[in-house]
Every structure is written in C-alpha cells, then in structure tokens.
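Chemist: The sequence and its predicted three-dimensional model are supplied below.
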Amino acid sequence: MTDTINTGTLLIKEGTTLPKGVQLESEPYTKGWRLVKNLRSSGMGRQLVDAGWTFFYMAQEIEASVVGSDPEKTKRRAVKRVIASMKSEKLNCVEITQVAVKHFLGVPYLTVSAHPRHIQESIFPFRTQHVAECNQARLAAA
C-alpha cells in the first residue's frame, strides 16, 4: 500500500449507499473507512451525476499535522485525525486536497488537508429518499 494517500484521494465511509452504475474499487484503510482506488473526485462526481445522485462538496477545509519520519505511517495518522475532526457524523466521504512534508528545526512533519464530501440520492443535503417522499406526500395532500 505504498503512496496511496495523495492529492485527489477519496475515502468513503463503510456502508455508504451508492447507485448501481458506480463502479467503485476500494480497500480498507482505517476503522470504518475505505480507500477508493479507481476514482478521483471528478470521476466519482461524473458517475454520481450520471446516475442522478449528488456529490456534495463542503467548503470547510480540515487540516491535520503529524510529526514522524516514516511517511506512510505519518500519513495514516494524519488522515485518521482528519476523519476524527469532521464536524458531522452524517458525512460519508472525504477528499484529500493536499499532502505536504515539511521540517521544523530539522524535525520532519506531514500536513494533510482535506474537504468533507457527501454522497446521496437527494439534492438536499442529508435528506434521505424516505424524507423526500414524505414531504412530497404532504404537498400532494395539501
């Protein structure tokens, strides 16, 4: 699993519902999250839009810095911190936007920046299909 996390990498929460047309290859990365191997955000977005789904982009950037000399272990720890600091439990995807190796007084550290993403069928954030159907039924009854 060398150099798997870089700019454009997507991680998706295990159990996330996807439309039938999305061809997704993934592997376990950390507890509850899978690393998407065959798609970047643009490819995922195209497939979701083609299927009539929405791929939300959250403007808030999340950043985590971790000290360490082993690049892969340091990246993994930084990604875990990014996921842990996501504000909403409802978010089911994260896009890595930057991975930067830096040094301070000769000590190596790594900074990972990411944007939360959310995959769902409805165009309204965090609304399930069931909620949308209930609202349509209420409007039809009125």
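Modeler: Good, I have the coordinates. Just so it is clear, the structure is predicted and the values come from calculations on it, not from any experiment.

Chemist: Do you know the pLDDT at the closest residue to residue 86 other than its chain neighbours?
Modeler: Nearest residue to residue 86, sequence neighbours excluded (Cβ to Cβ, 6 or more residues apart in numbering): residue 116, at 5.3 Å. Where you see a C-beta, it was placed from the backbone N, CA and C, and this is true even at glycine. pLDDT, residue 116: 93.

Chemist: who does residue 116 bridge with?
Modeler: With DSSP bridges applied, the residues forming beta bridges to residue 116 are residue 94.

Chemist: wait, doesn't it sit right on residue 85?
Modeler: No: assessed by Cβ atoms under 8 Å, residue 116 is found out of contact with residue 85, at 9.8 Å.

Chemist: list residues touching both of those two?
Modeler: Counting by Cβ atoms under 8 Å, 6 or more residues apart in numbering, the common neighbours of residue 116 and residue 85 are residue 62.

Chemist: Could you check which of those two is surrounded by more residues?
Modeler: In this view residue 116 and residue 85 are compared by other Cβ atoms under 10 Å, and residue 116 has more residues nearby, 23 against 12.

Chemist: ok, back up a step: who's in contact with the residue nearest to residue 86?
Modeler: 58, 60, 62, 86, 87, 88, 91, 93, 94.

Chemist: Give me the distance between the second one and residue 115.
Modeler: I take that to be residue 60. Distance, residue 60 to residue 115, by Cβ to Cβ, to the nearest Å: 7 Å.

Chemist: what about those two, which has more around it?
Modeler: Counted by other Cβ under 10 Å, residue 60 and residue 115 do not tie: residue 115 has more neighbours, with 17 against 9.

Chemist: OK, contacts around the more buried one?
Modeler: Counting by Cβ under 8 Å, 6+ apart, residue 115 touches 57, 58, 59, 60, 61, 62, 94, 95, 97.

Chemist: let's see 10 Å
Modeler: For residue 115, the contact set (Cβ atoms under 10 Å, 6 or more residues apart in numbering) comprises 41, 57-62, 82, 93-97.

Chemist: who's in contact with the closest residue to it other than its chain neighbours?
Modeler: Excluding the flanking residues, the one nearest residue 115 by Cβ to Cβ, 6+ apart is residue 95, at 5.1 Å. Residues near residue 95 by Cβ under 10 Å, 6+ apart: 7-11, 36, 40-41, 44, 55, 57-58, 113-117.

Chemist: Brilliant, that's me finished.
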